[in-house]
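# A predicted structure for the sequence below; I have some questions about it.
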Amino acid sequence: MRSGVEVHAHPLEISLGMVFIGIGVPFAFAAMAKLIVDAVRPSETGVATGMNTVMRTIGSVIGGQVGAAIVSADTIGGSHVPAESAFVAAFWVSAAIAVVGAVLARFIPSRRSTVPVLAD
């Protein structure tokens, strides 16, 4: 009998998780670009969106390598096949880093728009 915590034993469960991520990530990236454009002066839009791309790329590369290191550190019986516990550990580390990032993002000061309104 399966425990209530194990939600990755069947292909359908994995597929549903992938659909959830496949829907969420594009919405987040689209919203992020809009928020960046709204947060900077028009003359800084190119630099701000470029920095977003660079930081997202660096984060993806580092995250991928950390995940690969965690997964490859725990193998089944001395083979080169990663154990299930390695994947679970990698996902928990990813979740913890995401929570830390979300908390840190709350400390980023917001910049209110000070565009003057012209009276007719």
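Now that the structure is in, tell me what you want to look at.
# Which neighbouring elements make contact with the helix or strand that V103 is a member of?
Assigned by DSSP states H and E, V103 belongs to helix 84-105. Judged by 3 or more CB pairs under 8 Å, 6 or more residues apart in numbering; DSSP states H and E, the packing partners of helix 84-105 are helix 45-73. C-beta: built from backbone N, CA, C; applies to glycine.
# Please identify the buried residues of the helix it packs on?
Judged by neighbour count using 16 or more other CB atoms under 10 Å, the buried positions of helix 45-73 are 52, 67, 70-71.
# Show me what it is packed against.
So helix 45-73, by 3+ CB pairs under 8 Å, 6+ apart, packs with helix 11-39, helix 84-105.
# Next, R106: phi, psi?
phi -70, psi -20 (degrees, to the nearest 10).
# Can you get me a residue count around it?
6 (other CB atoms under 10 Å).
# Spell out which residues sit in contact with the residue nearest the centre of the chain, please.
Nearest to the geometric centre of the chain sits A98, at 6.6 Å (CA atoms, centre = their mean). By CB atoms under 8 Å, 6 or more residues apart in numbering, no residues touch A98.
# 10 Å - rerun?
A98 makes contact with G63 under the criterion CB atoms under 10 Å, 6 or more residues apart in numbering.
# Would you check how far apart it and G78 are?
32 Å (CB to CB, to the nearest Å).
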